[in-house]
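Peer 1: coordinates for the following, if possible.
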Amino acid sequence: MTLLKKYFLPGLAVEDRSIEVPLDWRGTSPAALAGVEDPKPTRLSADSASLVPDPAFAGKKIKLFYRVVCDPEDVDKDLPLLVFLQGGPGGAGPRLTSPTSDGWVEEAIKHYRVVLPDQRGTGRSSRVDGRLIDAMGAQAELEGADPARRQADYLKRFLADSIVRDFEYLRLAEFGGVRWSTLGQSYGGFISLCNLSTFPAGVAAAFTCGGTPHVPGNAAEIYAHTVPRMAAKTRAYYDRYPEDRRRVSLLAQRLATTHETLPDGSPFSVRRLQACGRRLGMKPAFEELHNLFDLAFCAGDGSEADALAAAGDDPSRIALFDGFKQGALELTGSAAEPLYWTLQEFIYADGELDAPIGWAAAREAAGRAEFSQDARPLMFYAEAIFPWMFEEDPALMPFKPAMDLLMEDTSFGKLYDVEQLAKNEVPLQAAVYFDDVYVDSALSLDTLSRVGSSHVWVTNEFEHDGIHGDCVFRHLYKEALDRGDLA
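Peer 2: Sure, this is the predicted structure:
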């Protein structure tokens, strides 16, 4: 175990650590690498270990960075472990400032020593960005290989089937093989079910929040359910702030008639404006959007009337506030988390697909007239990727050749074992948010009805980010404790 440093934050004792893991787990297993016997190998763990790794990646290692936090008074206590499975995809683990800076942590450290990994390719775990992808393509070309194919195959190694093997190895090699509990937020819930399909023997209890995938499922099915929810959420936003219908319509007219750029030089188009709805499934997204558009216009008091008057009633001449454009870039840009959009639809790719994913969200949206750039009121996208993003966003442009191949691929790592989940014995406590924009509650409930030892709390009190308050994890923990699942 490589200890990088120990230090204290207000209310937290922290250790920064890292280990090496294989880039390509095929052909080996966490138990074999850790030099221990796998007590209960599953079909998925055995199948992966029997596969031949990609020759281009054989023997290559990447770094897995993780933090361990606890109450300073508990540094020397033998506490059970809780590993946090971050949402995303492509999101680093939380960077805390105190136990209350991420609401669930304050409750968790009362009961656990908490492990906060940066999933492979994120944060400080051999982060993947455009520069790395460009370099990989250049190296493949020098070797006489197809650069885009090498890049695409590399990106496949950063999905849940690899992530769960990293964490199982971490558990075995660095924590003595002790069973731990898992807490999965959003995509972390997908990882949780992949883990229960692959390495259930290592899990004492599992908690998921807004992150139960449909098993079996596919990207087209997901967006057929969630794109209409995006429209409904947009209408609810306009109902709360009716004046924003006019402001957004005027903005759309302005962007449709004049070339505008964001601070990174990328085009600020109507479709980029629609992408500003990325956080519509969170709280307080309505207020954040309202405050963003409140500062859009420069002239006078910032009203539509003053903006038009200053522009001689010509929408194409309306001046936009640079601070507004910076806010739009922060909502829609990818520099901080390039894997978030790159891997977005591939988290639904489970094994051998019947058909390519083929830009599932874009296909679904294209068939709905209310999402046209000319429609009024203008609809926002909450969480959806489009081909144009990889042509216009500087942080995503290097990924375009690989994306073109990935969207036509049909072979991915196997994530879920329906039979294993049906006979699951690990207590699973799931929070399902009834109005979730990103993860359809009906599909989640269908999955949970077929997972053994699962218990569900359905609520409409919270949005997709409910875990970041101080109620959700406390509720889940108490339910599991009262049921005897944590004994």
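Peer 1: tally of neighbours for Gly188?
Peer 2: Neighbourhood size, Gly188 [other Cβ atoms under 10 Å]: 28. All C-beta atoms are positioned from the backbone trio N, CA, C, and that covers glycine.
Peer 1: that one and Ala395, how far apart?
Peer 2: 23 Å (Cβ to Cβ, to the nearest Å).
Peer 1: do the same with Thr2
Peer 2: The span separating Thr2 from Ala395 equals 30 Å under the rule Cβ to Cβ.
Peer 1: kindly report the same for Phe371.
Peer 2: Using Cβ to Cβ, we find Phe371 at a distance of 24 Å from Ala395.
Peer 1: does the residue nearest the centre of the chain lie in a helix or a strand, and which?
Peer 2: Residue closest to the mean C-alpha point of the chain, counted by Cα atoms, centre = their mean, is Gly88 at 1.0 Å. Here Gly88 sits in a region with no helix or strand, counting by DSSP states H and E.
Peer 1: need the nearest residue in space to it, chain neighbours excluded.
Peer 2: Tyr187 (4.6 Å; Cβ to Cβ, 6 or more residues apart in numbering).
Peer 1: looking at that neighbour now. What's its pLDDT?
Peer 2: Per-residue pLDDT puts Tyr187 at 98.
Peer 1: adjust the sequence numbering to begin at 35 for everything that follows.
Peer 2: Yep, numbering from 35; the last one is Tyr221 now.
Peer 1: am I right that it is in contact with Gln120?
Peer 2: Yes: look at Tyr221 against Gln120 with Cβ atoms under 8 Å: they come within range, at 7.5 Å.
Peer 1: who's more crowded, the two?
Peer 2: Tyr221 (27 against 24).
Peer 1: need the contact list for that one.
Peer 2: Tyr221 makes contact with Leu119, Gln120, Gly121, Gly122, Pro123, Gly125, Gly245, Ile381 under the criterion Cβ atoms under 8 Å, 6 or more residues apart in numbering.
Peer 1: neighbours around the nearest residue to the fifth one once chain neighbours are set aside, how many?
Peer 2: By the measure of Cβ to Cβ, 6+ apart, the closest residue to Pro123 outside its immediate chain neighbours is Leu377, 4.2 Å from it. Number of residues near Leu377 (other Cβ under 10 Å) recorded here: 24.
Peer 1: wouldn't Leu377 be in contact with Arg191 here?
Peer 2: No: counting by Cβ under 8 Å, Leu377 does not reach Arg191; the two are 10.9 Å apart.
Peer 1: helices of the stretch 135-284 of the chain, start to end?
Peer 2: 137-142, 164-176, 181-189, 194-208, 221-232, 253-274, 277-291 (DSSP state H, counting those that start in this stretch).
Peer 1: minimum distance to Asp58: which of the ones you listed has it?
Peer 2: Nearest of the helices of the stretch 135-284 of the chain to Asp58, taken as Cβ to Cβ: helix 194-208 at 8.0 Å.
Peer 1: tell me which other helices or strands the closest one touches.
Peer 2: Contacts defined by 3 or more Cβ pairs under 8 Å, 6 or more residues apart in numbering; DSSP states H and E place helix 194-208 against strand 46-56, helix 64-68, strand 95-104, strand 115-119, strand 147-151, helix 221-232.
Peer 1: show me where this structure dips below the pLDDT cut-off.
Peer 2: Along the chain, segments meeting pLDDT under 70 span 35.
Peer 1: hey, where'd the strands end up in it?
Peer 2: Using DSSP state E, the strands of the chain run over residues 36-43, 46-56, 95-104, 115-119, 147-151, 214-219, 237-243, 462-467, 488-493.
Peer 1: adding distance to Tyr272 and mean neighbour count, write these out as a markdown table.
Peer 2: Output for the strands of the chain, formatted as a markdown table (distance: least, Cβ to Cβ, whole Å; neighbours: other Cβ atoms under 10 Å):
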| stretch | distance to Tyr272 | mean neighbour count |
| --- | --- | --- |
| strand 36-43 | 41 | 11 |
| strand 46-56 | 41 | 18 |
| strand 95-104 | 41 | 20 |
| strand 115-119 | 35 | 24 |
| strand 147-151 | 38 | 24 |
| strand 214-219 | 29 | 26 |
| strand 237-243 | 28 | 26 |
| strand 462-467 | 22 | 26 |
| strand 488-493 | 25 | 16 |
